[in-house]
Each structure stands twice: as C-alpha cells, then as structure tokens.
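K.L.:
Give the three-dimensional model of this entry:
(chains A and B)
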Amino acid sequence: MRTTLRRRLIIPAALATVTGLALVGCTGDIAAEDAADVDCSLYEDYGTFDGEEVTVSGTIVETEADRLINSWSDFATCTDIEISYQGTRDFEATIAQLAEGGNAPDVGIVPQPGLVQLLAQNGYLEPAPAEVEANMDEFWTEDWKGYGTVDGTFYGAPMLASVKGYIWYSPSEFEENGWEIPTTLDELTALTAQIQSDTGRTPWCAGMESGEATGWPGTDWIEDYVLRLHGPDVYDQWVTHEIPFNDPRIVEAFDAAGEYLKNPDYIDTQSLISTPFQEGGLPILDGNCSLHHQASFYEVNFQDAGAEVAEDGDVFAFLMPPVEAGGDLQVTGGGETVVAFRSSPAITAVLQHISSGTFAELRVAEGGTVSANNAVDPTSASSPLLEQTIEILQDPNTTFRYDGSDLMPGAVGSNSFWAGIVDWLSGDSSQQVVDTIESSWPS
Amino acid sequence: MTTADLIGKIIQVLGGVAIFAAVVGLILFLVDRAPKRSRDFIQLAAFVAPALVLLVGGLIYPALRTTLLAFFNRTGDWVGLDNFIWAFTQPDALRTLLNTVIWVVLVPLLSTAFGLAYAVFIDKSRGEKFFKALVFMPMAISFVGAGIIWRFVYDFKSQGRDQIGLLNAIVVGFGGDPVQWVQVSPLNTFLLIVVMVWIQTGFAMVILSAAIKGIPTEQIEAAQLDGTNAWQRFTNVTVPGIRSSLVVVITTISIATLKVFDIVRTMTAGNFDTSVVANEMYTQAFRANEPGRGAALAVILFVMVLPIVIYNVRVLRKQKEIR
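P.N.:
Numbering: from 1, shown residues only, chains lettered A, B, ... in the order given. Down below sits the predicted model:
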C-alpha cells in the first residue's frame, strides 16, 4: 500500500517539476530581431522601453495580420517594445464585453466608428495622446478626424482604408463592344441598357450572400446613392439620425439602386441574395456579366481567381460616377480606428507610430491595402488599382464619407439595415423597408 | 510563430494539465488523510465544493447578472421593462417568438413519433442493429455540420444553371422550375425543422427502442392471448409501458429545440423570417451591440424552458415514489 501510494505521488510530482522547469526555461528563448540589423534612425525619438509589452487586437487575421506585424516589427525592435498582436474575427462582437470586464487589450483596431462611439460613451477608451492628434492633423483630412472623435474628444487615428463604390468591368470587353466608361449616373443607366441590348443577358453581376451579414453589399449601393444624389450634408444627417431613415430622399436612393438591383433584365434577381459575395463578380472573367459594384478590396478575389487587375488587364474598376460630370469626387469607404483602452508611455509610442507617415508607407508597401495617410507615396501601392485608390483618397477635392452602416448604431448598421436589404431584394417596397429600419433605430 | 513558440505553447498546455493533476492528487491525498472524526464531512465537502463553485460562478451568478442586464440599455442606463416591451411588440421580434413556438411544437412531436414508429417496426427484425445505426448516425453530426449539409441540399441556382442542390436537382429533373427553398417564408422554417427532426429522431429511436425491450414479454403474450390486434397491443401495452421514457425523450428534445441556434445561424442566419429566440439573442447581444435586448431574450428563453424542466423533474420524482 505505502509503496504504491508513493509511486502514485511521485509521478505527478515529477511531471509537475519537469514542466515547471520547462516553463521557466521556455520564456524568452525566442530569438529577437537584432537591433543592429535594423536602421533605427527613424525611431530614435520614441526612446526605448525595456521589453515592455503592448497588446493589440483587431479583426485583421491571416496574411493581412502577418503584413501588419511586419510593418511594425522594426519599430518594435528599435524601441524594445514587445507588441503582441491577436487577431480575431469576433473582435467586434466581443470587445465591448472584454472592455467591461477589464480584459480589453491595450490597443484595439476597431473597424467601425459606430463601435468606437459606443466604447467611448461607456468610458472604456482613453483619449488619444497629443502626439497622435498632431499626426492626425498633419497626415489626414478633417473628414477622417471626425470619425475618431466622439462628443468633441478625439480618441484615435485611422490606420488603413478602402474605397467603396467601385464598379468592376472587363477592359477588353468594353473595347471590343465600343462601350465607354460612364461619367454620370445617367450614362451608367444608358450603358446598362446598351449592354443588355448588345449581349441579351444581364449586365450586372450578383452576389450578396455573406453568412449572417447577408445583404451588406446592398447597403453600399444605398450609401453611394445617398451621397451622390443628395450630397455629404444629407449623408451625415442620415447616418447620425438627424433625418429619419424613412426620409423621402433615402427612399429615392433605394429606388435609384432598385433600378438595377430589382430589375430582372439587369441583374439575376433570383440568385442575388443566395450567391456568396466573394463569387459575385467573378463571372465577369467568363463574360457572363459585365459590371459589378464592390469595394476596392474585391481586387484580392480577382487575383485569387488568376485574373490580372489592371487598366489593360483582365479586369479593372471605375468609380461609381457622380450625378453630373466633372466636379468634386464623392466616395464612400471604410477603414479602422486605432484606439487605446489604457495609457502608458509605451502605448503612446505604439499609437504614435501607427498614426505616422512612416508606418503607413511601410504598411502600404507590404501590399494588399491602402491608407488615407497623405504621407504615403501612391507609387508604393502594390497594384494599379490601389495606386489609383490612394490618389483618390489624397485628392483634396475628394469628399470622403465613411461607410454609413459602420457609422450607425449596431442595431441598425449591422443588423436591421442588412436584414432590410434582404427583405427589399425579396420583394418588399422601398418605403416598407425604410419604415422597418427606422423603427429599429435605438433611442 | 516560430518553432520555439510552438514548442513553448505545447509545453504550456502539458504543464497546465500536469499542474491540474498534481493539485487534484494533492487534495485527494489530503482528504484521505483527514482526521477520522470529521472525515465524512471533509470528504463530502472536498468532492462537492468544486461542483458547487463552478455552479455558482458559472451558472447562478451569470444567470442573475443576465437578468439584471435585461433592464439596462447599451450605454448602461436603467430602462425598466423597455427591452421586454421591445421583444413583444417589434414585428421582427414577434416573428422570432412565433417561430420558436412552431419549432418547439413540431420538433419533439415529429422526432418522437418517427423515432417511436421506427423503433417499433424494426424491433426484433433481422438486421436491427444496422437499421438502428442508420438512423442514429445523424446524432453524431454537429448541428453546424448538419446545417451545412442541408444548406447544400436546399441550394438554389437560378434557372438554366447547374443545380448543385439535391432538392432542386430533383425538381428540375422532373421538369419543374428551381425553388428558392430557404428564402420562401414560411416554408423555410419547416425546412429547417426537418434538419432538427433528422438529427433528433435517432435519439428518440434509441431511447424508446431500449424502453420497448424493457416491457415484460408476459404482458405482451397475455394481451395476445386475449385476442388483441397489433394496434391495440401498441396503444394499451407498449405505450403505457414506455411512458416514462416518452416523457424524458419529449422533454429533452423540447429543451434542445428551444435552444436551437446553430442550425438557424448556419443556414439562414435568421434572415427570411426564420429567426428563433436563441439566434436573435446572439444577434442582439453581440452583433447589434444591444446586450440589454439580448439579455431580455435570454430571460424569455429561460422562462420558456423552466416549465418543461419542472415537469420533467416532477415526473421523475413520481416514478421514484412508485418504486
């Protein structure tokens, strides 16, 4: 009895000791990038922080996350800050709960200004340090600063950007048929009718299925039309609920988009909501449709399908035209806001770096995305389309408006607006849909 | 992540398990060595305490907090019964409640009926084990997996394109037009219910089959001698004989159905008027960032489950008394 008992005890005890020792041994054995190999002259002003850890979290995952980490690795090495990034697709769903429990990361990369607002109103966020605000004023336009500001307090600078309202097309198909890129909305209507009569098939590609977010590509259509038909002021009033969601001007925008989206001659209305948005535009490559409305980030989907995205390549995009030719550009788009849940000198340094021109340039050079930071050289973008996107964002005559559904409260922007689009495409009238969405707006 | 990182993480996991084992071992050792006088009490406490701590920390406290949360809005202001008023007045929310009722009526009824019929028909037949395995297999598939499988079955491609969905392939094969199965309300709710029935029938069948085998042969033989036909034997001998198992099966499936979430979320995400309470609860709390509304729905769900649980417990207690 005694011996077996002893034997029973010895094994776990030995195991615990061994693993304990191993745990001690394995901390800090990961070879750090050698500071001597990096040109640290850019980062001298930040000082050094003795291996202090800053946790960062956001929705960016996989390749994009690797690129993000690469972009700040030199900074981390030179300042000796250990930036540990944790990307999760559920970030938006969980961050409010994490913050409430005091478990939020030091820095959050929040993809929705509406969520920044909610977090700020609940008192979870630290106001942005003065250094970040200085960078903001230097590198970004006033439009962008507004999206990081809640009740007069500035909470964080943007990081990356995307431009929505691109219409994808096949340059060779356009050339063969003598179709012209439209410069006004009326020309777009005429082009659609012409493609339909020339080819006898639906001109527009369809695809709005996106799991629980099904319908979101439709919200981009509506936002584009509100901004173009009624201008930025009405757009701002709409997203902040100064005018109700069922305002006649919004109904007008729905009807205008419905000219294409609810017309079975122009788009495959039957499979519109059941086709995944990732596959939506690909039939352009096979010549089964000619036009596809989707943001700049859709470039990746074409590239994955083996297409060359360039003005003389397989597929390219033009911006959804304004009502009248010429004049200022009006674009909708998205991005992330980098906010802090705690404050410390190391966190300030990280925030300051992410908001700097140096970081934006490094990140854009990594490829796949753009930044609205005006210190970025458009030519460092990884593709012709992204280069064009940066030029649009940096153009002082561009009126930039953030994706409206990201600005509205979650109950509308990531719930009833999406569901409303689904109902609308399933047959509900524009008026019915806007009334339903209006009634879901939280008081 | 470097290899060193990976090894480090593996070691961390192993270390965690080892430390846990060591702690448990130590406690058991100490309990065994407890002074004789109060040994019973100490042993009882040592074995019950972990469960009790987990219950309080993992169930009772969250339940109380969720209930409290149902009276606040998203910015943390007290709003009284507003969230409940919302749940019982908004057309969408009402639809959600109605769907949940349809689910909870149909799924237990159909799965139990099919399961019982199947169990009776294959009872003592040749290849019984094989037939049982056939129907029981869906039980082994997760709800999410089942949702994905059936989404393919119901898949829709517009007319003229190749149908990859089984159902539409059949319809088109017979010369019909493809149907948008999951988008047509209220048909879609019933099609989702089919998935749940498909999974739960196996569960009902296995439990009821075992119960049928527990009925004494003498009773059945006596009934046969009395000149009953098969249907009379079924209603007067078999069903009363397995009554307690029937109650357990029906209540268990009802509770599982009230909580159904995965199937709806993977197949329609609650669109096209198919949402149910559990799905709406998640959507409101985590996507719409309205934890108050989510909590209110959770409370409603809890209240709906409660009577079934109470009934179940009472039936079980009564049976104990009979014995």
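K.L.:
What about the residue in the stretch 101-250 of chain B that chain A sits nearest to, how many residues nearby?
P.N.:
The nearest approach of the stretch 101-250 of chain B to chain A comes at B:Ser158, 4.1 Å away (Cβ to the nearest Cβ). C-beta coordinates here come from the backbone N, C-alpha and C atoms, glycine included. Counted with other Cβ atoms under 10 Å in any protein chain shown, residues neighbouring B:Ser158 total 19.
K.L.:
Also A:Thr48?
P.N.:
Counted by other Cβ under 10 Å, the residues lying close to A:Thr48 total 16.
K.L.:
Grab the nearest non-local neighbour of the spatially most central residue of chain B.
P.N.:
Among the residues of chain B, B:Ala256 comes closest to the average C-alpha position under Cα atoms, centre = their mean, at 2.3 Å. Counting by Cβ to Cβ, 6 or more residues apart in numbering or on different chains, B:Ala256 lies nearest to B:Gln200, which is 6.9 Å off, once chain neighbours are set aside.
K.L.:
quick one, what contacts the one you found?
P.N.:
B:Val107, B:Pro108, B:Ser111, B:Gly115, B:Met139, B:Ile253, B:Ala256, B:Thr257 (Cβ atoms under 8 Å, 6 or more residues apart in numbering or on different chains).
K.L.:
Which one of these is nearest to A:Thr63?
P.N.:
For these, the closest approach to A:Thr63 (Cβ to Cβ) belongs to B:Met139, at 38.2 Å.
K.L.:
Verify the stated contact: the closest one with B:Gly202.
P.N.:
Yes: B:Met139 lies in contact with B:Gly202 (Cβ atoms under 8 Å); the separation is 4.3 Å.
K.L.:
So for these two, which sits in the more crowded spot?
P.N.:
Neighbour comparison, B:Met139 and B:Gly202: the larger count goes to B:Gly202, with 23 against 16 (by other Cβ under 10 Å).
K.L.:
Tell me which residue of the stretch 301-443 of chain A lies closest to chain B.
P.N.:
Counting by Cβ to the nearest Cβ, the stretch 301-443 of chain A gets nearest chain B through A:Gly410, at 3.7 Å.
K.L.:
if I look at that residue, how far off is B:Arg74?
P.N.:
Per Cβ to Cβ, to the nearest Å, A:Gly410 is found 8 Å from B:Arg74.
K.L.:
Near the residue in the stretch 101-250 of chain A that chain B sits nearest to, how many other residues are there?
P.N.:
Chain B sits closest to A:Glu212 of the stretch 101-250 of chain A, with a gap of 3.7 Å, by Cβ to the nearest Cβ. Look at A:Glu212: counted by other Cβ under 10 Å, it has 19 neighbours.
K.L.:
And for A:Asp265?
P.N.:
A:Asp265 has 15 nearby residues by other Cβ under 10 Å.
K.L.:
part of a helix, is it?
P.N.:
No: judged by DSSP: H, G, I helix; E, B strand; the rest coil, A:Asp265 forms no part of a helix; its state is coil.
K.L.:
Any chance you could list what contacts the host helix or strand of the residue nearest to the centre of chain B?
P.N.:
Using DSSP states H and E, B:Ala256 sits within helix B:243-258. Here helix B:243-258 makes contact (Cβ under 8 Å, 6+ apart) with B:100, B:103-104, B:107-108, B:111-112, B:115-116, B:196, B:200, B:203-204, B:207-208, B:210-211, B:239, B:277-278, B:301, B:304-305, B:308-309, B:311-312, B:315-316, B:319.
K.L.:
Okay, A:Glu176 and B:Val172: tell me how far apart.
P.N.:
34 Å.
K.L.:
what about the two, which has more around it?
P.N.:
Legend: neighbour count by other Cβ under 10 Å for A:Glu176 and B:Val172, higher for B:Val172 (19 against 9).
K.L.:
any idea how far B:Gly176 is from the closest residue to the more buried one other than its chain neighbours?
P.N.:
Distances taken as Cβ to Cβ, 6+ apart place B:Gln163 nearest to B:Val172, at 5.3 Å, with adjacent residues excluded. Distance, B:Gln163 to B:Gly176, by Cβ to Cβ: 11 Å.
K.L.:
Kindly report the same for A:Phe139.
P.N.:
The spacing between A:Phe139 and B:Gly176, counted by Cβ to Cβ, is 60 Å.
K.L.:
who has more neighbours, those two?
P.N.:
A:Phe139 (20 against 10).
K.L.:
picking up where we left off before, isn't the residue nearest to B:Val172 right up against B:Tyr154?
P.N.:
No: applying Cβ under 8 Å, one finds B:Gln163 not in contact with B:Tyr154, separated by 10.9 Å.
K.L.:
ok, those two, which is more surrounded?
P.N.:
For B:Gln163 versus B:Tyr154, the count of surrounding residues by other Cβ under 10 Å is larger for B:Tyr154: 23 against 18.
K.L.:
if we can go back for a sec, in helices, which of the contacts of helix B:243-258 fall?
P.N.:
Of the positions in these, B:100, B:103-104, B:107-108, B:111-112, B:115-116, B:196, B:200, B:203-204, B:207-208, B:210-211, B:239, B:277-278, B:301, B:304-305, B:308-309, B:311-312, B:315-316, B:319 sit in helices, assigned by DSSP state H.
K.L.:
Just list the residues touching A:Val309, thanks.
P.N.:
A:Glu299, A:Phe302, A:Gln303, A:Val315, A:Phe316, A:Ser383, A:Pro384, A:Leu385.
K.L.:
Can you identify the element that follows the longest strand along chain A toward the C-terminus?
P.N.:
Longest strand in chain A, counting residues (DSSP state E): strand A:330-340. Counting by DSSP H and E, the next helix or strand C-terminal to strand A:330-340 is helix A:345-354.
K.L.:
Can you give me the neighbour number for A:Arg304?
P.N.:
That one is not Arg; residue A:304 is Asp. Residues near A:Asp304, counting by other Cβ under 10 Å: 10.
K.L.:
for A:Ile267, same thing?
P.N.:
By the measure other Cβ under 10 Å, the count of residues near A:Ile267 is 23.
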